[in-house]
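Enquirer: need coordinates for the below:
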Amino acid sequence: MTVRVNRGRRGPRVTAEGTAGAESWGVRPGGGPLRAPRRDGRRITVERAGEARVSVRVAVIYYSATGNVHQLAQAVAKGAESRDAEVRLRRVPELAPDTAIDANPAWRAHVDATKDTVREATLADLEWATAYAFGTPTRFGNVTSQLKQFIDQTGVQWQAGVFHNKPATSFTSAMNAHGGLESTLLSLNNVFYHWGCVIVAPGYTDPVLFAAGGNPYGTSWASGGGEGPDRATLDAAHYQGRHLADIATRLAG
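Expert: Residues are numbered from 1 along each chain as shown. Coordinates of the predicted model:
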């Protein structure tokens, strides 16, 4: 464990990093005992007033065929990072055969562009995270098989309570506005119910959401003829990442 004292305009602050245990924390600068850390292995910051702030770790896990959900995932990740959260951006493995991928040049281009630049998601990423953002295109109003196959491997983590009380949110894309956007998000949220997560929907909590179409369930993009997300939608996804990190911080505190 590493303990540092940082001195600033607001007075000294003690920061401890490492695995929290039953160690004695002595007294804080200025007198008075520091509050004991949480015993969950999370990195914490102990303020002079004795308040503990647990660091937020967000796993943004997604599947994207032609790149639209990939762009949304990047915006969600940046939004969480803007709240000083640690973020892992991860794609799930592609399951489609090359014959299907090659039939769509945009699909092939995206697979080739991300195979060496975005790491594949693992179950360890789920165990590491304290908050989740999942993204998927719609497939007949439902979650893609690629993301579902990854989720279906989480039985051990589910039984161990890894997901309990962790905030989770979702985002999606389809060809048109009535192509199953809301039903896909609701289907994905069903997983969060079973996991025991706290579902964090953007709702109508910020004006930026209305410019992106006002989907209260999660950021969604209707690509039309294949266009990528516009600025308003990326702004909404960025907000969704910020909102998730903010709620995760409140739950942890």
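Enquirer: mind checking how far Val198 is from Leu126?
Expert: Distance of Val198 to Leu126, computed by Cβ to Cβ, to the nearest Å: 15 Å. To be clear about C-beta, it is placed using only N, CA and C from the backbone, and glycine gets the same treatment.
Enquirer: who's more crowded, these two?
Expert: Leu126 (23 against 17; other Cβ atoms under 10 Å).
Enquirer: hmm, that one is touching Val162, no?
Expert: Yes. Look at Leu126 against Val162 with Cβ atoms under 8 Å: they come within range, at 6.4 Å.
Enquirer: any common contacting residues for those two?
Expert: Common contacts of Leu126 and Val162, defined by Cβ atoms under 8 Å, 6 or more residues apart in numbering, comprise Thr154.
Enquirer: grab the nearest non-local neighbour of Gly226.
Expert: Counting by Cβ to Cβ, 6 or more residues apart in numbering, Gly226 lies nearest to Ala106, which is 6.4 Å off, once chain neighbours are set aside.
Enquirer: I should have written Ala245 there, sorry.
Expert: Excluding the flanking residues, the one nearest Ala245 by Cβ to Cβ, 6+ apart is Arg83, at 3.8 Å.
Enquirer: do Gly203 as well
Expert: In this structure, Gly203 finds its nearest non-sequential neighbour in Pro216, 4.8 Å apart by Cβ to Cβ, 6+ apart.
Enquirer: shouldn't that neighbour be in contact with Pro202?
Expert: Yes. Taking Cβ under 8 Å as the definition, Pro216 is a contact partner of Pro202 at 6.6 Å.
Enquirer: looking at the two, which one has more neighbours?
Expert: Ranked by neighbour count (other Cβ under 10 Å), Pro216 and Pro202 place Pro202 first, with 24 against 12.
Enquirer: show me what contacts that one?
Expert: Taking Cβ under 8 Å, 6+ apart, one finds 169, 209, 215-216, 218-219, 236, 239-240, 243 in contact with Pro202.
Enquirer: helix, strand or coil for the residue nearest the centre of the chain?
Expert: Nearest residue to the geometric centre of the chain (Cα atoms, centre = their mean): Ala133, 3.1 Å. Following DSSP: H, G, I helix; E, B strand; the rest coil, Ala133 is assigned to strand.
Enquirer: what separation do you get for it and Asp230?
Expert: 20 Å.
Enquirer: to what extent is His243 buried, counted in neighbours?
Expert: Neighbours around His243, by other Cβ under 10 Å: 23.
Enquirer: check which helices and strands the strand or helix carrying it sits against.
Expert: Assessed by DSSP states H and E, His243 sits inside helix 231-252. Applying 3 or more Cβ pairs under 8 Å, 6 or more residues apart in numbering; DSSP states H and E, we find helix 231-252 packed against strand 52-54, strand 57-62, helix 68-81, strand 131-139, strand 167-174, helix 208-211.
Enquirer: listing partners with orientation, what would you give for the fifth one?
Expert: Think strand 167-174. strand 131-139 (parallel), strand 198-199 (parallel), strand 220-222 (parallel) (DSSP bridges).
Enquirer: quick one: contacts of the shortest one?
Expert: In this structure, residues lying in contact with strand 198-199 by Cβ under 8 Å, 6+ apart are 165-169, 189, 192-193, 247, 251.
Enquirer: by neighbour count, which of those residues wins?
Expert: For the contacts of strand 198-199, neighbours were counted by other Cβ under 10 Å; the highest total belongs to Thr169, with 31 neighbours.
Enquirer: touching, that one and Arg242? I think so.
Expert: No. With contact defined as Cβ under 8 Å, Thr169 does not count as touching Arg242 (11.0 Å).
Enquirer: follow-up on the earlier one: now do the shared contacts for Pro216 and Pro202.
Expert: Both Pro216 and Pro202 are contacted by Leu209, under the criterion Cβ under 8 Å, 6+ apart.
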